[in-house]
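S.K.: how would this look folded up:
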Amino acid sequence: MSSRSDVAVYLADGSTIAEIMLVGRVDRQADALLGAVLDELLVVPRVLRIEIDTAMVQFCDRGGLTVFLRAQKQAADFGVVLHIVRAAPALLRVLEATGLSQLLTPAGS
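M.R.: Numbering: from 1, shown residues only. Just a heads-up that it's a prediction; the model follows:
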């Protein structure tokens, strides 16, 4: 299991959707990493939606859930929608158990 988080960002020319892929662990230590990525994306006027792909997340604790909630609030402060997409099964179970799936994942996923 990876002992840290890695991140990749993709924003296609002309797209209003930015994609962030997280890999490894999502815990309190991932807060600064994701925050720095959001700081850069949220000043791009054409970005209206951010999708965080978590298919490769191997671990998420309570601190990681806080990271996602802070990221969503940070995006909302800029009028940008932020959702977790392609959640790894273990993460999806945590989101569902805490009731956060309704808040952090798009409807119907």
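S.K.: alpha carbons only for contacts and neighbour counts from here, please
M.R.: Noted.
S.K.: which non-adjacent residue is nearest residue 60?
M.R.: residue 26 (4.8 Å; C-alpha to C-alpha, 6 or more residues apart in numbering).
S.K.: Test my guess that that neighbour contacts residue 64.
M.R.: Yes - contact criterion C-alpha atoms under 8 Å: residue 26 and residue 64 qualify, at 4.7 Å.
S.K.: longest strand of this structure?
M.R.: Secondary structure of the chain per DSSP state E: the longest strand is strand 49-60.
S.K.: Okay, now the sheet partners of that one, with direction.
M.R.: Strand partners for strand 49-60, identified by DSSP bridges, are recorded as strand 17-26 (parallel), strand 81-85 (parallel).
S.K.: next one: the first one to chain centre, how far?
M.R.: Put simply, strand 17-26 sits 6 Å off its chain's centre (C-alpha atoms, centre = their mean, to the nearest Å).
S.K.: do you know how far residue 93 is from residue 87?
M.R.: Distance of residue 93 to residue 87, given as C-alpha to C-alpha, to the nearest Å: 9 Å.
S.K.: Looking at those two, which has the bigger crowd around it?
M.R.: The residue with more neighbours, out of residue 93 and residue 87, is residue 87; 19 against 13, by other C-alpha atoms under 10 Å.
S.K.: Surely the more buried one is in a strand?
M.R.: No - applying DSSP: H, G, I helix; E, B strand; the rest coil, one finds residue 87 to be coil, outside a strand.
S.K.: in stretch 28-39, what's buried?
M.R.: Neighbour counts over stretch 28-39 (16 or more other C-alpha atoms under 10 Å) mark 28, 30-31, 34-35, 38 as buried.
S.K.: tell me which residues in the helix or strand following the longest strand of the chain are buried?
M.R.: Counting by DSSP states H and E, the next helix or strand C-terminal to strand 49-60 is helix 62-77. Using 16+ other C-alpha under 10 Å as the test for burial, helix 62-77 gives 64-65, 67-69, 71-72, 74-75.
S.K.: So which other helices or strands are in contact with helix 62-77?
M.R.: If you count contacts as 3 or more C-alpha pairs under 8 Å, 6 or more residues apart in numbering; DSSP states H and E, helix 62-77 packs onto strand 17-26, helix 30-41, strand 81-85, helix 101-104.
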